[in-house]
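> Got a predicted model here, sequence first, then my questions.
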Amino acid sequence: QVHLTESGGGLVQTGGSLKLSCVASGRPFNDYAMAWFRQAPGKEREFVAAIDDEGTRPVYADSVKGRFTIARGDVRNTISLLMNNLQPEDAAVYYCNADTTGGDYWGQGTQVTVSS
């Protein structure tokens with residue numbers, strides 16, 4: 001089992017930056033890939049970015065490519081999502097995900113609000 005805790009959300013102006021963090025506990029951190037998803041009001045949850053268990057192969061949604069950076073290992077058992085040049089359409093609840101052989105695990109989410 002994996003327990004995930006996100007932090008770092010908040011209110012930012014258009015064009016600003018935020019850095020989200022997700023701390024994982026439970027299974028050994030390097031056993032699974034991790035990802036960020038987001039869900040805006042009235043919309044389905046969508047993929048944002050993912051990174052493999054070794055932290056060497058990041059993948060991004062087209063909508064965030066070139067603006068967002070996912071990384072693992074800044075702090076032990078943590079992944080981060082650095083979000084630059086935020087736009088109103090990036091506003092959502094952001095969720096951390098762990099993709100393990102025992103199933104998917106999700107955090108509670110952290111709210112990102114972008115003011116225009």
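On my side now, so go ahead.
> Provide a list of residues in contact with residue 12.
Contact analysis of residue 12 by C-beta atoms under 8 Å, 6 or more residues apart in numbering lists 18, 86, 112-115. C-beta coordinates here come from the backbone N, C-alpha and C atoms, glycine included.
> do that again at 6 Å, thanks
18, 86, 114 (C-beta atoms under 6 Å, 6 or more residues apart in numbering).
> Tell me the confidence at the first one?
Okay, so that is residue 18. pLDDT recorded at residue 18 is 98.
> Next, give phi and psi for it.
Dihedral angles of residue 18 (phi, psi; degrees, to the nearest 10) stand at phi -140, psi 150.
> Just give the number of residues close to it.
Residue 18 is flanked by 20 other residues according to other C-beta atoms under 10 Å.
> Let me know whether it touches residue 84 as I believe.
No. With contacts counted by C-beta atoms under 6 Å, residue 18 stays clear of residue 84, the gap being 8.8 Å.
> Format the contacts of residue 12 as a markdown table; extra columns: distance to residue 97.
What follows is those, written out as a markdown table (distance: C-beta to C-beta, whole Å):
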| residue | distance to residue 97 |
| --- | --- |
| 18 | 18 |
| 86 | 21 |
| 114 | 22 |
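> for residue 8, what are its contacts?
Counting by C-beta under 6 Å, 6+ apart, residue 8 makes contact with 19-21.
> one more time with 8 Å, if that's ok
When contacts are taken as C-beta under 8 Å, 6+ apart, residue 8 is in contact with 18-21, 80, 110.
> Can you turn the buried subset of these into a selection I can paste into ChimeraX?
Typed into ChimeraX, the line below selects the buried ones among the contacts of residue 8, using 16 or more other C-beta atoms under 10 Å:
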select :18,20,21,80,110
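> Any chance of the backbone angles for residue 17?
Torsion angles, degrees, to the nearest 10, at residue 17: phi -130, psi 150.
> Quick one: residues contacting the residue nearest to it when sequence neighbours are not counted.
Excluding the flanking residues, the one nearest residue 17 by C-beta to C-beta, 6 or more residues apart in numbering is residue 84, at 4.8 Å. By C-beta under 8 Å, 6+ apart, the residues touching residue 84 are 17, 67-69.
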